[in-house]
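Trainee: pasting the structure only:
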């Protein structure tokens, strides 16, 4: 989940605004996870399946050529 949708339990504000120290700490932690850190496990699994399918198509295309 990305931090722009999270609501802070401490101040009840959006974490992306960083209203309190808890928001700012969580926002910093989420930003350090990298670009794939905000993706859900289902989205990561879907991305993996698509990448495997693309590699398989390339491998089949090279065998027929």
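Mentor: All right, it came through fine. Please read all numbers here as calculations on a predicted model, not as lab measurements.
Trainee: Can you tell me the closest non-neighbouring residue to residue 6?
Mentor: Leaving aside its chain neighbours, residue 6 sits nearest to residue 15 (4.1 Å; criterion: C-beta to C-beta, 6 or more residues apart in numbering). Placement of C-beta: from N, CA and C, glycine included.
Trainee: following the worst-scoring helix or strand of the chain on mean pLDDT, which helix or strand shows up next?
Mentor: None of the helices or strands of the chain scores lower by mean pLDDT, DSSP states H and E than helix 21-32, at a mean of 83. For helix 21-32, the following helix or strand on the C-terminal side (DSSP states H and E) is helix 41-64.
Trainee: How far does that next one sit from its chain's centre?
Mentor: Its chain's average C-alpha position is 19 Å from that of helix 41-64, according to C-alpha atoms, centre = their mean, to the nearest Å.
Trainee: swap in stretch 54-65?
Mentor: That offset, for stretch 54-65, works out to 29 Å (C-alpha atoms, centre = their mean).
Trainee: next one: stretch 20-31
Mentor: For stretch 20-31, the distance to the chain centre is 16 Å (C-alpha atoms, centre = their mean).
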